[in-house]
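# the sequence and its predicted three-dimensional model are supplied below.
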Amino acid sequence: MRPTQNPKTYRVKSFGCQMNVYDGDRMAELLAEQGITPAPEGEQADLVVLNTCHIREKAAEKVYSDIGRIVKDWDGEDGSSPLIAVAGCVAQAEGEEIMARAPAVTMVVGPQAYHRLPDMLREATSGKRVTDTDMPAETKFDALPKRRRSGPTAFLTVQEGCDKFCTYCVVPYTRGAEVSRPHADLVEEAKRLVDGGAREITLLGQNVNAWTGENARGQPVGLDGLIRELAEIPDLARIRYTTSHPNDMTEGLIAAHGEIAKLMPFLHLPVQAGNDRVLKAMNRSHTVESYLRILEQVRAVRPDIALSGDFIVGFPGETDAEFEDTLGLVEAVGYAQCFSFKYSPRPGTPAATMDDQIAAAVMDERLQRLQAALNRDQLAFNKASVGKTCEVLVERKGKHPGQWLGKSPWLQSVHFTGEAQIGDLVRVELAEAGPNSISARLLETAAA
Ligand code: 5AD
Ligand code: SF4
């Protein structure tokens, strides 16, 4: 089979974290510059980019079933085949294996090399199979097209990579060392996003709070300094950031939560486990106590802050009692929402070869118990919001006529019925809470 020549339509499918969503958007912009248009919903695309996630085994295996499905469903000219590019962290970690295992794949491109996609595409359409998983010193960001359009909410990658080397995690290997994008570039990209329609920007990084840079006056600044600068953009209404590491939670960033009105009252601060021995084996370099102290400090300056975290159950050697400590921590914090996972051994990470790997059935049971506790707390947090008035940023239409969906300052999904438009900040009263969403009564449109 020969790949379809000169693809006219593309589809980018992003899996995993929000950084992949950002990268997927940027790849779409690159392809659009080549004159390729997005394939209409439900129709096949000539070029499919699978922007993959390697964080857990299940996520990584998904790419092979997706490739199989695209090839099976392909309905093109006789003898033709779709162009398939595998991007993202699976591409970085398993590029050669993908090329060997999946002959239908014509391009493999890592997360630091995707600015070269147009060149790779030229080679692929002339019949070659190309791999680029370099981590070049020059930044891909300089080679990407300028941002033009945006929905009401936008992601902005400010920092990439990780130097923390938690013993279970592939990120330091797939995304490389911690790198901060320059302050001026970020301010410019943020302004363009706002000009293009963004009212909320979420700053992204694997360790977003490790971001450092120099402001326009040449002074060294941390993430709080960048947030302060972005808060000056008049039409930008909301700023969020994710994901943070407890060790990079500076005093300045904590203080920012009490001082910058545009910084939303939400903090995603993964803890992973509630027991110090496990945290040490994970190489987390914080303790339960130091983590709780940070939350206390944030709550002191922003009492209504919604807290979020990530948890792993069944890390090698985790005993029943150590797992109970995790439940105890959850109880003590009262999270607004969380992500929780079964430990998944990743090739090349230290934990994958540790003794005492935990049986699947034990992990299942622990995850169920943890998720029951987290769901209980999420519902309690939502119920405690009922009766509050707040602003909602309208993101899209709901299922019912006249219904709109958006987010509260605390990142809850809110739906309401009434006069509004996408991109409006409307004032509502939160009326009825479920585990995953809240219905609200429209009070007024705060700002168009
Ligand atoms: N197994 C399970 N969960 C993992 N995470 C990272 N690596 C693994 C792994 N090997 C989780 C952590 C991290 C989130 C993004 O994914 O909780 O914070
Ligand atoms: Fe992975 Fe730990 Fe780095 Fe987060 S801090 S990306 S969990 S190594």
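That came in fine, so what should we check first? Ligands and ions are numbered 1, 2, ... in the order given.

# and the protein, which residues reach ligand 1?
55-56, 168-169, 270, 272, 310, 312, 341, 343-344, 346 (Cβ under 6 Å from any ligand atom). Every C-beta, even on glycine, is put in place using the N, C-alpha and C of the backbone.

# now for the residues you listed: which two are most distant?
Spatial extent of the residues of the chain next to ligand 1 (Cβ to Cβ) is set by the pair P270 and R346 at 16.6 Å.

# okay, the two: which has more neighbours?
Between P270 and R346, R346 has the larger neighbour count (other Cβ atoms under 10 Å), namely 22 against 19.

# ok so, going back, make TSV out of the residues of the chain next to ligand 1 and add pLDDT, secondary structure and distance to V108.
Below are the residues of the chain next to ligand 1 laid out as TSV (pLDDT from 0 to 100; DSSP: H, G, I helix; E, B strand; the rest coil; distance: Cβ to Cβ, whole Å):
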residue	pLDDT	secondary structure	distance to V108
I55	92	coil	18
R56	91	coil	20
Y168	98	coil	25
C169	97	coil	22
P270	98	coil	29
Q272	98	strand	31
D310	98	strand	28
I312	98	strand	29
F341	97	strand	26
Y343	97	coil	28
S344	96	coil	22
R346	95	coil	19
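
# tell me, how many residues neighbour H268?
21.

# for it, give the beta-bridge partners.
As for beta bridges, H268 partners with S308 under DSSP bridges.

# state the distance from it to V48.
Distance, H268 to V48, by Cβ to Cβ, to the nearest Å: 31 Å.

# show me what residue of the stretch 301-448 of the chain gets nearest to ligand 1.
In the stretch 301-448 of the chain, the residue that lies nearest ligand 1 is D310 (3.3 Å; Cβ to the nearest ligand atom).

# I'd assumed T326 was in contact with that residue.
No - using Cβ atoms under 8 Å, D310 makes no contact with T326, being 11.7 Å away.

# these two - which one has more neighbours?
T326 (26 against 14).

# shouldn't that one be within a strand?
No - counting by DSSP: H, G, I helix; E, B strand; the rest coil, T326 is not found in a strand; it is helix.

# which residue is the nearest non-sequential neighbour of it?
Counting by Cβ to Cβ, 6 or more residues apart in numbering, G274 is the residue found nearest to T326 once chain neighbours are left out, at 3.7 Å.

# look up phi and psi at Q403.
phi -90, psi 140 (degrees, to the nearest 10).

# grab the most central residue of this structure for me.
In the chain, the C-alpha nearest the mean C-alpha coordinate belongs to Q18, at 1.9 Å (Cα atoms, centre = their mean).

# returning to that earlier point: out of the residues of the chain next to ligand 1, who's the most crowded?
Using other Cβ under 10 Å as the neighbour criterion, I312 leads the residues of the chain next to ligand 1 with 27 neighbours.

# tell me, how many residues neighbour the residue nearest to T326?
Using other Cβ under 10 Å, G274 has 24 neighbouring residues.

# then the one 5 residues further on?
Here the neighbour count serves as a burial measure; for L279 (other Cβ under 10 Å) it reads 24.

# ok, now how distant is the residue of the chain most remote from its centre from ligand 1?
In the chain, the residue that sits farthest from the middle, by Cα atoms, centre = their mean, is D78; the gap is 39.6 Å. Distance, D78 to ligand 1, by Cβ to the nearest ligand atom, to the nearest Å: 44 Å.

# that residue: what secondary structure?
Per three-state DSSP, D78 ends up coil.

# and the stretch 201-350 of the chain, which of its residues are near ligand 2?
With Cβ under 6 Å from any ligand atom as the criterion, the stretch 201-350 of the chain meets ligand 2 at residues 206-207, 245.

# how about 8 Å then?
Within reach of ligand 2 by Cβ under 8 Å from any ligand atom, the stretch 201-350 of the chain has these residues: 206-207, 243, 245, 270, 272, 282-284, 310.

# cool, thanks, signing off.
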